[in-house]
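# With the input below, show me the fold.
(2 chains)
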Amino acid sequence: MAGADKTSGRNQGGCDQDGIRRRLDTLGERLAEVQARHAPTPLLDAGARGAAFGQAMRLGVELVAGVGVGGFIGWALDRLFGTAPFLMVAFLILGAVAGIMNVFRTAKAMQAKAPPAGKDLPADMDDDDD
Amino acid sequence: MIEAYAAEGAEAGAHGAAGAGSMPNPMHQFEIKRLIPFELFGVDASFTNSALFMVIAACAITLFTVYAMRSRALVPTRLQSVAEMSYTFVAGMVRDNVGTDGMKYFPFIFTLFMFVLALNMLGMLPYSFTVTSHIIVTFALAAIIFLGVTVIGFWKHGVGFLRFFVPEGIPVILLPLLVVIEVISYLTRPISLSVRLFANMMAGHTMLKVFGAFVVALGFLGGWAPLAFMVAFTGLEILVAFLQAYVFAILTCIYLNDALHMHSH
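Below is the predicted model of the structure:
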């Protein structure tokens, strides 16, 4: 078979190109079919999007809350000691750091809970690749 | 406080009416109304529409669980299996996040989850009032959780609970700075917990109201596009109502786990 291919490749180049084109077409069809099968259903997508929105909201609020609480503590201490505005500035920065740390921890916890990259695809994914 | 809120609402209403012609004010739905005026030691403790919906939620949960479990059948009816599912759902959440020794706090987590879920879901009914769209309500819930969890931490570990604020493997020079940051990070918990629930509920309901106004304003010819969006968005809002109750409960579990076991970081 391989020998026959070789001779046809050398002697009749046009025929071989047709063969390649045909193979490309069937490959494209198969790819489209596989992609259609693995495209997420709309309902599932809405749920995943909602969950992702919830996670994003969680991270955002976490960051802002750190700055807010830090600023409030600084403001209250400033009022107590009469050192405005130095403590508020210092605690705003500390609050921002705390907020970033919270986001970092939350993201780490989310990552630990989520399946590792590449393993979240359906199990029947493999048989179409080869 | 309530007067100030009402005045603000009226002012916003006037602005809204001036700015957008006949569009209804989207914030009007959050107005607190006194149903039974009542004063206790000079404090306004009136029975409001917010209080009414909390009572409705508490009654609805009690009625649902008691009525659903009345037969205690081995093969559950549909209603009974819903009640059992909510039980196993929360029980699994507590067991996964706190551990078996956290199961004695299960009644609290279950009550909290069902209460917030019922309030969020009641808010999805037309003409109803969304209690959780007020930050003071969610903050009160979060503050109770925060104080309770802190008390449990000190009760379990004594003064040793303060070690929770001291990260391990840190040079001594950096310690004062990091302890302050850790304390601030601990204090953000009630804020982020309450703001998340309140912001989600309020933003969603405002959006629904605004798009509802679009449907009316665009009339029979153009109103279909916002109406279709509203239908999809209502579905998303129901998802958010459940998700936020879930997040509220699961974060309570995580905080409880920190207080009981102190190995979060």
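
# right, and the helix or strand after the least confident helix or strand in chain A by mean pLDDT?
Ranked by mean pLDDT, DSSP states H and E, the weakest helix or strand in chain A is helix A:2-11, scoring a mean of 48. Once the chain leaves helix A:2-11, the next helix or strand it forms, by DSSP states H and E, is helix A:13-38.

# Summarise which helices and strands that following helix is packed against.
In this structure, helix A:13-38 packs against helix A:2-11, with contacts taken as 3 or more Cβ pairs under 8 Å, 6 or more residues apart in numbering or on different chains; DSSP states H and E. Where C-beta positions appear, they are placed from N, C-alpha and C, glycine not excepted.

# Dihedrals phi and psi, residue B:166?
When quoted as degrees, to the nearest 10, the phi and psi of residue B:166 stand at phi -110, psi 110.

# Give me the pLDDT for it.
Looking at residue B:166, its pLDDT is 86.

# Grab the nearest non-local neighbour of residue B:69.
Nearest residue to residue B:69 in three dimensions, chain neighbours excluded: residue B:83, at 5.6 Å (Cβ to Cβ, 6 or more residues apart in numbering or on different chains).

# give the contact list for that neighbour.
B:64, B:65, B:68, B:69 (Cβ atoms under 8 Å, 6 or more residues apart in numbering or on different chains).

# Is whichever strand or helix holds residue B:179 in proximity to chain A?
Counting by DSSP H and E, the element that carries residue B:179 is helix B:175-222. Yes - counting by Cβ under 8 Å from any Cβ of the partner chain, chain A is contacted by helix B:175-222 at B:177, B:180-182, B:184-185, B:187-188, B:191-192, B:195-196, B:199-200.

# Tell me which other helices or strands that helix touches.
When contacts are defined as 3+ Cβ pairs under 8 Å, 6+ apart, helix B:175-222 packs onto helix A:42-81, helix A:86-113, helix B:135-157, helix B:224-261.

# Report the mean per-residue pLDDT for that helix.
Averaging pLDDT along helix B:175-222 yields 90.

# what inclination does that helix have with respect to helix A:86-113?
Per axes from the mean of the first three to the mean of the last three Cα atoms, to 10 degrees, the angle that helix B:175-222 makes with helix A:86-113 is 70 degrees.

# ok so, going back, from the residues of helix B:175-222 next to chain A, pick the one nearest residue A:29.
The nearest member of those to residue A:29, counting by Cβ to Cβ, is residue B:200 at 44.6 Å.

# neighbours of the closest one, just the number please.
By other Cβ atoms under 10 Å in any protein chain shown, 24 other residues sit near residue B:200.

# Tell me if I'm right that it and residue B:245 touch.
No - if you go by Cβ atoms under 8 Å, residue B:200 and residue B:245 don't touch, sitting 10.3 Å apart.

# Need the max-distance pair from the contacts of residue B:83.
B:64 and B:69 (9.3 Å).

# ok, residue A:107 - contacts?
For residue A:107, the contact set (Cβ under 8 Å, 6+ apart) comprises residue A:59.

# Am I right that residue A:70 is in contact with residue A:100?
No - assessed by Cβ under 8 Å, residue A:70 is found out of contact with residue A:100, at 11.2 Å.

# Look up the closest residue to residue B:254, ignoring the ones flanking it.
Excluding the flanking residues, the one nearest residue B:254 by Cβ to Cβ, 6+ apart is residue B:97, at 5.8 Å.

# measure that neighbour to chain A for me?
11 Å (Cβ to the nearest Cβ, to the nearest Å).

# So what does residue B:163 look like in phi/psi?
According to degrees, to the nearest 10, residue B:163 has phi -60, psi -20.

# hang on, the earlier thing: now the residue nearest to residue B:69: which helix or strand?
Using DSSP H and E, residue B:83 falls in helix B:78-97.

# buried set for that helix?
Of all the residues in helix B:78-97, those buried under the rule 16 or more other Cβ atoms under 10 Å in any protein chain shown are B:80, B:83, B:86, B:90, B:93, B:94, B:97.

# measure the third one to residue B:94 for me?
This points to residue B:86. If you measure residue B:86 against residue B:94 using Cβ to Cβ, to the nearest Å, the figure is 13 Å.

# residues shared between the contacts of the two?
Common neighbours of residue B:86 and residue B:94 (criterion: Cβ under 8 Å, 6+ apart): none identified.

# I'd like the domain boundaries of chain A, if you could list them.
Residue ranges for the domains of chain A, per automatic domain parsing: A:1-39, A:42-130.

# so residue B:51 is in which element?
Per DSSP H and E, residue B:51 falls inside helix B:49-68.

# how many degrees apart are that helix and helix B:135-157 in direction?
60 degrees.

# How about the residues of chain A by chain B?
Going by Cβ under 8 Å from any Cβ, the residues of chain A near chain B are A:46-47, A:50-51, A:53-54, A:57-58, A:61-62, A:64-66, A:68-70, A:73, A:91, A:94-95, A:97-99, A:101-102, A:105.

# which among those residues end up buried?
For the residues of chain A next to chain B, a burial check counting by 16+ other Cβ under 10 Å picks out A:50, A:54, A:57-58, A:61-62, A:64-66, A:68-70, A:73, A:91, A:94-95, A:97-99, A:101-102.

# just to revisit the earlier point, which of the domains of chain A has the lowest average pLDDT?
Ranked by mean pLDDT, the domains of chain A bottom out at domain A:1-39, with a mean of 71.

# Show the backbone phi and psi for residue B:25.
With angles defined as degrees, to the nearest 10, residue B:25 sits at phi -70, psi 120.

# So what's the residue count around it?
By other Cβ under 10 Å, 19 other residues sit near residue B:25.

# re the thing from before, between the buried residues of helix B:78-97, which is nearest residue A:22?
Using Cβ to Cβ, the buried residues of helix B:78-97 come closest to residue A:22 at residue B:93, 55.8 Å.
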